[in-house]
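*Asks:* let me see the structure of the following:
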Amino acid sequence: MPSPLRLTGTIASRGFAEGPLQPLAATTPLIRTSGSPTLEAQALRDAKTRAIAELKELAAATQGPGADMLEFQVAMLDDDALTESTFERIASGTSAGAAWTDTLGEQIEIYEAAEDEYFRARSADIIDIRDRVLRVLSQANDLAIPPGAILAGDDLTPSQFLAVDWARGGGIALRRGSAASHVAMLARARGVPMLVGLEGLPLAEGETALIDAEEGSVTIGPTDEARTHFRRRAAAGAGQKRRAEAAALAPGRTLDGTDIAVAINVADPGDLSDVDVRTCDGVGLMRTEFLYGGGLPDEETQLAAFRRVVRWAEGRPVVIRTVDAGGDKPVAGFTIEETNPFLGLRGVRLALAKPEIFRVQIRALLRVAAEGRVSVMFPMISVPAEYEAAKTLFLEEAQVLAARGVNFAMPRLGIMVEVPAVAIFPELLSGAAFFSIGSNDLTQYVLAASRDNGAVASLNEVRHPAVLGLISNVVRFGQRHNLPVSLCGDAGGDPASLPDLLATGLRSISVAPAQLPLAKLAISQLNLGAGS
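*Replies:* All right, here's what the predicted structure looks like:
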């Protein structure tokens, strides 16, 4: 291997990491076989039982989305439909390990062949449970990860990530992988530097590796000069992080004194355990999809989750988005399989098509609105009729609660601006109480390029004049009609994008908790001048 070797890839999680390379090359465990179908079937049942116990133990020590992922894997292992064909193969004389590999291999191929990047990324979960059961069958031990190592391989599974003590440093460098994967989401939440799409990445154990996930490069076997340069950049990055943490408690305000409201996005109430409420101006987006991970939640379950966030906010505004299922978020018993889910029955379209499910959530939202400054917004609104239909359901369920003597309040009802038709002609939805621009979907719909597809990722740019023009159009409409406008997509937390976004007239953003310090620091260094 030439030394040093410098490769560039896609940034999945920002930061710097230096450490020994730890290969994660896929290996096929030795699969023991008894030759007896009865014994092989029992061996597989025992392996599944132990694998489920391991996952539950790991989930018990994990919070937030990581625990949800592990619970999803447990549910998959518990699913008889997944293993039915495995036992059929065993009955025909195939060993437990080979039968399990063949069955899961078919599922992996289906996910990896999917057109949508989200479903391709989900193949990591199937690979994860396949390999865990195989390790149990072969009595193999999990790979020991040295502290501060740079994990390198084709891909990394969620349970492998969660088993590492990242508090001691380290990073991730993958030949394949995806910025949309579960592991990438976990890495961003934990602040673990991660690069994907590193073609030609060598797997040489012990070699020193430097990950610069600010510029998107990894250096294997660096020279002393390269190491010195890297450490200077890492030190500068650490200094910026400290300044950002100090800025987090200050108001969002530019150099010229323009106030910028900075709220946070919440994917799961568990995300709030490490967030100081004083650093933000409330919750600009509470997603509700996490509630549907294990099936359709009842009213009390949803109310408890909403109440937890509202109480955490301590009187600050909380904007809750109605369930945005469909597209890249399938929900059993709710969503339907479509050839083009991103242009199909998703968001409010699906909710209106399944009113019996939607009404349950509406009642929980009406009830929690009586306990704080709660607003509700509808995703994927395209035409006024959708907004009016959703509003009508709220009015009807309010009457139901009133008849029952249940305490409730009518929240402000706004919309997500993510469909280009609304951004082009916002006058159509002037009846909404507020607008929240979803920059992720708006950008991909305007430019016909998914941000999670590496082949076209360079085209997915919120700073494209067409996207900025539409955002500006929405903001100006809001100013003319005294209609609050905010932005809750990932772009709001990107320091590089903030100057252009705020130049459109935006004065309210909502970002992921991990992005808030750097976003506030970037705002404090801007001078909007006459544009304020």
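
*Asks:* would you map the strands across the stretch 251-400 of the chain?
*Replies:* 261-266, 283-286, 318-321, 374-378 (DSSP state E, counting those that start in this stretch).

*Asks:* the last one - contacts with which helices or strands?
*Replies:* When contacts are defined as 3 or more CB pairs under 8 Å, 6 or more residues apart in numbering; DSSP states H and E, strand 374-378 sits against strand 318-321, helix 355-368, helix 384-404, strand 412-417. Where C-beta positions appear, they are placed from N, C-alpha and C, glycine not excepted.

*Asks:* and among these, the most buried is which?
*Replies:* strand 318-321 (a mean of 26; mean count of other CB atoms under 10 Å).

*Asks:* give the rounded mean pLDDT of stretch 240-247.
*Replies:* Averaging pLDDT along stretch 240-247 yields 87.

*Asks:* repeat for stretch 208-228
*Replies:* The predicted model assigns stretch 208-228 a mean pLDDT of 94.

*Asks:* quick one: buried residues of it?
*Replies:* Neighbour counts over stretch 208-228 (16 or more other CB atoms under 10 Å) mark 208-214, 216-222 as buried.

*Asks:* and if you look at stretch 434-452?
*Replies:* 434-447, 449-452.

*Asks:* report the distance from it to the chain centre.
*Replies:* 15 Å (CA atoms, centre = their mean, to the nearest Å).

*Asks:* ditto for stretch 98-109
*Replies:* 27 Å.

*Asks:* same check on stretch 52-71?
*Replies:* 17 Å.

*Asks:* distance between the ends of it?
*Replies:* Using CA to CA, to the nearest Å, one end of stretch 52-71 lies 9 Å from the other.

*Asks:* for the helix or strand of the chain with the lowest mean pLDDT, name the packing helices and strands.
*Replies:* Across the helices and strands of the chain, mean confidence by mean pLDDT, DSSP states H and E is lowest for helix 65-78: a mean of 74. Here helix 65-78 touches helix 37-60, helix 117-138, helix 158-162, helix 182-190, going by 3+ CB pairs under 8 Å, 6+ apart.

*Asks:* mean confidence (pLDDT) on the second one, please.
*Replies:* What helix 117-138 shows for mean pLDDT is 76.

*Asks:* after that helix, next one along is what?
*Replies:* Heading C-terminal from helix 117-138, the first helix or strand you meet, by DSSP states H and E, is strand 150-153.

*Asks:* where does the stretch 151-300 of the chain have low pLDDT?
*Replies:* Residues of the stretch 151-300 of the chain meeting the criterion pLDDT under 70: 180, 293-294.

*Asks:* so where do the helices sit in it?
*Replies:* Taking DSSP state H, counting those that start in this stretch, the helices of the stretch 151-300 of the chain run over residues 158-162, 182-190, 224-247, 299-313.

*Asks:* which among the helices and strands packed on helix 65-78 is found nearest to Asn460?
*Replies:* Nearest to Asn460 among the helices and strands packed on helix 65-78 is helix 117-138 (11.2 Å), distances taken as CB to CB.

*Asks:* ramachandran coordinates for the residue lying closest to Glu214 once chain neighbours are set aside?
*Replies:* The shortest distance from Glu214 to any non-neighbouring residue, by CB to CB, 6 or more residues apart in numbering, is to Arg14 (5.8 Å). The phi and psi values for Arg14, taken as degrees, to the nearest 10, are phi -80, psi 160.

*Asks:* I'd say Arg14 and Val192 touch.
*Replies:* No. Counting by CB atoms under 8 Å, Arg14 does not reach Val192; the two are 9.8 Å apart.

*Asks:* looking at those two, which one has more neighbours?
*Replies:* Val192 (25 against 22; other CB atoms under 10 Å).

*Asks:* would CSV of the strands of the stretch 251-400 of the chain with distance to Trp100 be doable?
*Replies:* Shown next, in CSV, are the strands of the stretch 251-400 of the chain (distance: least, CB to CB, whole Å):
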stretch, distance to Trp100
strand 261-266, 38
strand 283-286, 39
strand 318-321, 39
strand 374-378, 44
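
*Asks:* tell me how far the residue nearest to Glu214 lies from Trp166.
*Replies:* 14 Å (CB to CB, to the nearest Å).

*Asks:* shaky segments in the stretch 351-500 of the chain?
*Replies:* In the stretch 351-500 of the chain (pLDDT under 70), the answer is 451-455, 457.

*Asks:* and Ser436, how far is that from His464?
*Replies:* 20 Å.

*Asks:* likewise Val318?
*Replies:* 31 Å.

*Asks:* re earlier: got a markdown table for the helices of the stretch 151-300 of the chain, with distance to Ala98 too?
*Replies:* Output for these, formatted as a markdown table (distance: least, CB to CB, whole Å):
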| stretch | distance to Ala98 |
| --- | --- |
| helix 158-162 | 23 |
| helix 182-190 | 28 |
| helix 224-247 | 45 |
| helix 299-313 | 41 |
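
*Asks:* right, and those helices - which one's nearest Asn482?
*Replies:* Once the helices of the stretch 151-300 of the chain are compared by CB to CB, helix 299-313 is nearest, at 24.4 Å.

*Asks:* for that closest one, which outside residues touch it?
*Replies:* Residues from elsewhere that reach helix 299-313, judged by CB atoms under 8 Å, 6 or more residues apart in numbering: 266, 269, 272, 277, 282-283, 286, 288, 290-291, 318, 320, 360-361, 363-365, 367-368, 371-374.

*Asks:* now the angle from it to helix 355-368?
*Replies:* 40 degrees (axes from the mean of the first three to the mean of the last three CA atoms, to 10 degrees).

*Asks:* check the chain and tell me which residue is nearest its centre.
*Replies:* Met185 (5.0 Å; CA atoms, centre = their mean).

*Asks:* just to revisit the earlier point, ok, which of the helices and strands packed on helix 65-78 comes nearest Asp298?
*Replies:* Of all these, helix 37-60 comes closest under CB to CB, at 22.1 Å.

*Asks:* if we go by neighbour counts, what in the closest one is buried?
*Replies:* So helix 37-60, judged by 16+ other CB under 10 Å, has buried residues 37, 40-41, 43-44, 47-48, 51-52, 54-55, 58-59.

*Asks:* could I get these as a markdown table with distance to Ile336 and pLDDT?
*Replies:* Formatted as a markdown table, those follow (distance: CB to CB, whole Å; pLDDT from 0 to 100):
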| residue | distance to Ile336 | pLDDT |
| --- | --- | --- |
| Pro37 | 38 | 89 |
| Glu40 | 38 | 89 |
| Ala41 | 35 | 89 |
| Ala43 | 38 | 88 |
| Leu44 | 33 | 89 |
| Ala47 | 34 | 89 |
| Lys48 | 30 | 89 |
| Ala51 | 31 | 87 |
| Ile52 | 29 | 89 |
| Glu54 | 34 | 85 |
| Leu55 | 29 | 85 |
| Leu58 | 33 | 80 |
| Ala59 | 29 | 78 |
